[in-house]
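>>> Pasting the sequence and the predicted coordinates here, then a few questions.
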There are 2 protein chains.
Amino acid sequence: MITIKDIAKEAGVSEGTVDRVLHNRGGVSKKTEAKIKTILDNHNFTVNPIASALAMKNKYSIAALIPEYNDSDLFWKAPYSGIIKGTEDVKTFGIKVNIFTFSQNTPNSYINTFNDLLDTKPSAVIMVPNFSEETEQIVSQLEASDIQYLFLNINIEGFNNIAFVGQDAYMAGYIAGKLMYLSSNKTAEFLIIQTRYNITKNNAISDRIRGFNDYFLKNNIQSDINTLKIENLNDSLETKEKINDYLVKHPETKGLFVPSSRIHVVVASLEKRDLQDIELVGFDNTPQNISCLLNDSVSFLISQKPFDQGYESIRLLSDYLLKNEIQSNMLYLPIDILTKENVRYNERNEFMYLDT
Amino acid sequence: MITIKDIAKEAGVSEGTVDRVLHNRGGVSKKTEAKIKTILDNHNFTVNPIASALAMKNKYSIAALIPEYNDSDLFWKAPYSGIIKGTEDVKTFGIKVNIFTFSQNTPNSYINTFNDLLDTKPSAVIMVPNFSEETEQIVSQLEASDIQYLFLNINIEGFNNIAFVGQDAYMAGYIAGKLMYLSSNKTAEFLIIQTRYNITKNNAISDRIRGFNDYFLKNNIQSDINTLKIENLNDSLETKEKINDYLVKHPETKGLFVPSSRIHVVVASLEKRDLQDIELVGFDNTPQNISCLLNDSVSFLISQKPFDQGYESIRLLSDYLLKNEIQSNMLYLPIDILTKENVRYNERNEFMYLDT
DNA sequence: ACATTTTTCGTGTGCGCACACACAAAGGTA
DNA sequence: TACCTTTGTGTGTGCGCACACGAAAAATGT
């Protein structure tokens, strides 16, 4: 590993001078500055973040504002785990991470939790902009405090977030269309199951639906796709009734597309016979969904790689804090196709950091 | 933050003694040890990992022995890149990495390169056991020098390698079978294209073929699968002739399965008409193969995540050297299903570290 | 020419820990 | 008693960097 001392020796100056150009402290003549800079990037020099952290005595902290998870909705456990792993990786660089979770359904919780977060005066923030109006409030406070922020999983336009880490929802839906088409024997009579929650709050869902439909449009495939709106997927009675009603009226339906992470709820409300005849494609590798994959109820799941989202967010923000650079401001993670057969190899990290 | 010095002062001993009980180095009287220990957990003391990392600055080195890549076979560029990225991550812990590449077809190169490697006296080795007999030689030398080694990408039984990082080839083939079945409209008249090289040297290939066939067996799908052996896939004349010969005799063939990374060669030797009518499924996200995906010649590729293989190998060995523990001795990476649509999101890392 | 300001640069110290080394006291052997 | 071994403990150095301090060199003023 090449050190400041090495650079200084090669440039024929002292370590202090190299330090000055490294941190743009000024007070260095043009000539020597230029000389040092070329040597610096000849060697591709980066400061040793460990030594740096030690000398600076822990300057940075990252705060994360994400939805909480519970037994019935485990999706957010994975980003949480990813953040924990990232935290492990960067704590030797003197970067502390604090995670704040809010209730996914109550805007107030979002705001209140954020206020707690702000009290800790973080150097940068990872946040899931779950509610658009409240996000505007939050962002304006962040910008007033000159704190950089990154959007995780959900992307909303019109903000100065330093980056977005997540998935291309449109393309993920498009691929879902392809998988549906293939697994249903290249027929095209499908049903999309949407919930009220999806409709209003989360435009990733509508992007997925758009992508799904576009697959058939762009490939000139004659299709017959309907949408069924269900108020509350957690209301199993309503869900069961509406879906089965529909299926009785449309017995030729070959596939169900559930553009949210709650396909396991749909599975639970389907008749056995329908489960066999109809192909299901959905999103997200939550434990419940994975069981549905494994017992052949669901044909394909598309994973957003939520663990990686958490992990990469931390790494990205750390790089920003330490080196003042961002590798990418739109970090689209892979669109992961899960089947019964490969799913177990994708679970390695997801839940390993939170066994308690 | 409470430091070792503080503890020492409170216990009325020197920092060295505190250090001894912290690391169970022994040579401390029962009495003072007990005293220090209570003070330690009265204050809930944990060592500052930053200072610790800096002070340890182990002078470990990892050597990697992997096949070289060239313009016609770029597969090994990705593990190389992954290793480079891993190197970046661990260099601050005082771990150096040296990469040695050998010619994939000449056992002598394997041995000779290894000897160069051994001269650098590495603390641990990442190797691709490309030739079984020669691997025995190499391994015995490593064991004589008491150097731990890890197998990357290719797994051979019967050695004391500390771990294997790669893919479950059987299951990958099994999934290839599924994808082939789905994309060919659930018919099952396929051809597997094998080369001499595959047959003798690399049992990952035969595992894939086994998995491919098993998909149809285990799911009770009537299938008609033949195998075509081609001496040298680089001989485009032979390849073209044999394949087209076969296809003329078996016009009902619905799919070609190429269990190696050289599906692009097969594509190049197919007639346009056949390319349209026949589904191709192959392995590995090399640039050539990806072009075939993008121009619709190939339906699916299964990626071994070669970049991650390199990266994870470094991380795994580093953990071993630093903490003397291994998280897993069989690290099966995800079986990545690539399509025209999602491939671009999977390329982020693959070739970014070697633009030169 | 000299004094004074400004620019440019080198030196020294400490961050908290790991680890090699030195060294004293206590115990054992002939 | 003289000598050696064992046990227990303190000291010193370096990891690579950030940053304060001070000093030399150059520029400016009189």
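Thanks, I have it.

>>> Three-state assignment for A:I84, please.
helix (DSSP: H, G, I helix; E, B strand; the rest coil).

>>> ok, now the one 5 residues further on?
Per three-state DSSP, the secondary structure class of A:D89 is helix.

>>> residues touching it, list them.
Residues near A:D89 by Cβ atoms under 8 Å, 6 or more residues apart in numbering or on different chains: A:I314, A:R315, B:D89. Using the backbone N, CA and C atoms, a C-beta is placed for each residue, glycine as well.

>>> count of residues packed around A:D41?
8 (other Cβ atoms under 10 Å in any protein chain shown).

>>> which helices and strands does the host helix or strand of it pack with?
Using DSSP states H and E, A:D41 sits within helix A:30-42. Packing contacts for helix A:30-42, counted by 3 or more Cβ pairs under 8 Å, 6 or more residues apart in numbering or on different chains; DSSP states H and E, involve helix A:4-11, helix A:15-22.

>>> out of those, nearest to DNA strand C?
helix A:15-22 (2.8 Å; Cβ to the nearest atom of the strand).

>>> For the closest residue in space to A:D19 that isn't next to it in sequence, the count of nearby residues, please.
Nearest non-adjacent residue to A:D19, counting by Cβ to Cβ, 6 or more residues apart in numbering or on different chains: A:I4, 6.5 Å away. Burial of A:I4 is recorded as 19 neighbouring residues (other Cβ under 10 Å).

>>> Tally up the residues packed near the nearest residue to A:S184 once chain neighbours are set aside, please.
Distances taken as Cβ to Cβ, 6+ apart put A:K254 closest to A:S184, at 4.2 Å, once the chain neighbours are dropped. Residues near A:K254, counting by other Cβ under 10 Å, number 20.

>>> A:K254 against A:K186, yeah?
No: using Cβ atoms under 8 Å, A:K254 is not in contact with A:K186; the gap is 9.6 Å.

>>> next one: phi and psi at A:R262?
For A:R262, the backbone dihedrals are phi -110, psi 40 (criterion: degrees, to the nearest 10).

>>> List the contacts of it.
If you count contacts by Cβ under 8 Å, 6+ apart, then A:R262 has A:D73, A:T195, A:L233, A:G282 around it.

>>> Of those residues - the most surrounded one?
Most surrounded of the contacts of A:R262: other Cβ under 10 Å gives A:G282, at 27 neighbours.

>>> So that residue, which state does it fall into?
Following three-state DSSP, A:G282 is assigned to strand.

>>> quick revisit: any chance of the helices and strands packed on helix A:30-42 in JSON lines, plus distance to A:I302?
Formatted as JSON lines, the helices and strands packed on helix A:30-42 follow (distance: least, Cβ to Cβ, whole Å):
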{"stretch": "helix A:4-11", "distance to A:I302": "47"}
{"stretch": "helix A:15-22", "distance to A:I302": "44"}
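
>>> Spell out, range by range, the strands that occur in chain A.
A:60-67, A:95-102, A:124-127, A:148-152, A:163-166, A:189-195, A:224-230, A:255-258, A:279-283, A:300-303, A:330-332, A:336-338 (DSSP state E).

>>> okay if I get these as CSV plus distance to A:Y215?
CSV is the format used below for the strands of chain A (distance: least, Cβ to Cβ, whole Å):
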stretch, distance to A:Y215
strand A:60-67, 29
strand A:95-102, 35
strand A:124-127, 32
strand A:148-152, 26
strand A:163-166, 21
strand A:189-195, 11
strand A:224-230, 10
strand A:255-258, 11
strand A:279-283, 11
strand A:300-303, 13
strand A:330-332, 18
strand A:336-338, 14
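
>>> Show the contacting residues for the residue lying closest to A:S132 once chain neighbours are set aside.
Once flanking residues are discounted, A:S132 sits nearest to A:I156: 5.9 Å by Cβ to Cβ, 6+ apart. Going by Cβ under 8 Å, 6+ apart, A:I156 touches A:P129, A:S132, A:T135.

>>> is it true that the first one touches A:T135?
It refers to A:P129. Yes: between A:P129 and A:T135 there is a contact at 4.1 Å, judged by Cβ under 8 Å.

>>> so the residue nearest to A:D19 makes contact with A:V18?
Yes: the criterion here is Cβ under 8 Å, and A:I4 meets it with A:V18 at 5.1 Å.

>>> Please identify the residues of chain A in proximity to chain B?
For chain A, the contact set with chain B under Cβ under 8 Å from any Cβ of the partner chain comprises A:1, A:48-51, A:53-54, A:58, A:89, A:91-94, A:168, A:171, A:174-175, A:178, A:182-183, A:185-186, A:331-337, A:339, A:341-342, A:345-346, A:348.

>>> Can you list which of these are found in helices?
A:P49, A:I50, A:A51, A:A53, A:L54, A:D89, A:M171, A:Y174, A:I175, A:K178, A:L182, A:S183 (DSSP state H).

>>> What remains of the residues you listed if I keep only buried residues?
A:P49, A:I50, A:A51, A:A53, A:L54, A:M171, A:Y174, A:I175, A:K178, A:L182, A:S183 (16 or more other Cβ atoms under 10 Å in any protein chain shown).

>>> picking that back up, what touches both of A:P129 and A:T135?
A:I156, A:F159.

>>> Spatially, what comes nearest to the closest residue to DNA strand D within the stretch 101-250 of chain A if we skip its sequence neighbours?
Distance from DNA strand D to each residue of the stretch 101-250 of chain A (Cβ to the nearest atom of the strand) is smallest for A:S123, at 13.5 Å. Excluding the flanking residues, the one nearest A:S123 by Cβ to Cβ, 6+ apart is A:Y60, at 4.5 Å.
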